[in-house]
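**Student:** from the sequence below, what's the structure:
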Amino acid sequence: MELAMELVRMNIRLYLSSEQTCNYLEQEESRSLFVDPAIKINSSLISQLSQNGFRRNGSLLYRPHCNHCNKCMSCRVICRDFKPSNSQKKILRKAKLLDWKLVPMKFTQEHYYLYQKYIEARHIDGDMYPASEQQYQSFLICGDIPQLLLEIRTSEGLLICGAAVDCLDDGFSAVYSYFDPDFSQLSLGKLIILRLIEHCQSSQLAYVYLGYWIENCRKMAYKKNYPPMEFFNRKQWISEPVNHNADMDL
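**Tutor:** You can find the predicted model right below:
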């Protein structure tokens, strides 16, 4: 209950959504706990909430809060102890001629066109299609918190990958990544995570937060490939994801 007491002290309200069909688990109902959207999001707040299993989507901070299921677990990589696997070393070798850097988050047509190409190639059947400039900005850019944009370019300077990253007190939160489908053989989604881990290691930052992981969900299986990791079970961070019946404690 420490988080709930701190939010009360800060005069921050939480709202519980109504139940709706789960996007990840068939025959399940889901609902989420939202931080009052009128609250200004700053670095301290988003860091504290991330440490308590919350996630950012645009200007909204939320956490799954389902009645009978606790399978959506926030996960984070323990960067200090991470060592790439053989397959991840292969990805890094393939990327040795690619340039990458972290730049301030801002809207550019170059990044938007890449995002649009990615959505049209990979998510034409999803609620993010069709892409628009307004959607891109409202989804990824939140000016009240420190953010960075990870860029990956070819040696000729062609932008082939981008990732929006929130800067936390103890590391990075990977918000969303997009890449040129013509370069999918380079495993750019995996490369982004590896580069973020590398940067945290060199900067002595503890964690890369990867959002929510669900056991037996194919779309999220990749998130467990960066051990050692920790998973938040609504009360504490644990080294192994163990599903418990959901409870109502914050």
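**Student:** by mean pLDDT, which helix or strand of the protein comes out lowest?
**Tutor:** Sorting the helices and strands of the chain by mean pLDDT, DSSP states H and E puts helix 2-9 at the bottom, at a mean of 64.
**Student:** could you give me the average pLDDT of the following helix or strand past it?
**Tutor:** Heading C-terminal from helix 2-9, the first helix or strand you meet, by DSSP states H and E, is strand 14-16. For strand 14-16, mean pLDDT rounds to 90.
**Student:** residue 175 - how many residues pack around it?
**Tutor:** Using other Cβ atoms under 10 Å, residue 175 has 21 neighbouring residues. (Glycine included, C-beta is placed from N, CA and C.)
**Student:** I'd like to know which elements the helix or strand encompassing it is packed against.
**Tutor:** Assessed by DSSP H and E, residue 175 sits inside strand 171-179. Contacts defined by 3 or more Cβ pairs under 8 Å, 6 or more residues apart in numbering; DSSP states H and E place strand 171-179 against strand 55-57, helix 109-122, helix 133-140, strand 147-153, strand 159-168, helix 188-202, strand 207-213.
**Student:** now do that strand against helix 188-202, angle only.
**Tutor:** 160 degrees (axes from the mean of the first three to the mean of the last three Cα atoms, to 10 degrees).
**Student:** neighbouring contacts of strand 171-179?
**Tutor:** 46, 50, 55-56, 76, 79, 114-115, 118-119, 139-140, 148, 150, 152, 160-166, 188-189, 192-193, 196, 199-200, 205-211 (Cβ atoms under 8 Å, 6 or more residues apart in numbering).
**Student:** direction included, what does it pair up with?
**Tutor:** Applying DSSP bridges, strand 171-179 is found paired with strand 159-168 (antiparallel), strand 207-213 (parallel).
**Student:** mind checking the pLDDT average for it?
**Tutor:** 96.
**Student:** what inclination does it have with respect to strand 147-153?
**Tutor:** 40 degrees.
**Student:** CA atoms only for strand 171-179 - export them in PDB, please.
**Tutor:** This file holds the C-alpha atoms of strand 171-179, laid out as PDB (Å, rounded to 0.1, in the frame of the first residue of the first chain):
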ATOM      1  CA  GLY A 171      17.200   3.400 -16.600                       C
ATOM      2  CA  PHE A 172      15.200   3.500 -19.700                       C
ATOM      3  CA  SER A 173      11.600   2.500 -20.600                       C
ATOM      4  CA  ALA A 174      11.200   1.400 -24.200                       C
ATOM      5  CA  VAL A 175       7.900   2.900 -25.300                       C
ATOM      6  CA  TYR A 176       7.700   1.800 -28.900                       C
ATOM      7  CA  SER A 177       9.900   0.900 -31.800                       C
ATOM      8  CA  TYR A 178       9.500   0.900 -35.600                       C
ATOM      9  CA  PHE A 179      11.700  -0.100 -38.500                       C
END
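**Student:** distance from it to the middle of the chain?
**Tutor:** On the basis of Cα atoms, centre = their mean, to the nearest Å, strand 171-179 sits 5 Å off its chain's mean C-alpha point.
**Student:** can you check stretch 29-45 too?
**Tutor:** Put simply, stretch 29-45 sits 15 Å off its chain's centre (Cα atoms, centre = their mean).
**Student:** lovely, talk soon.
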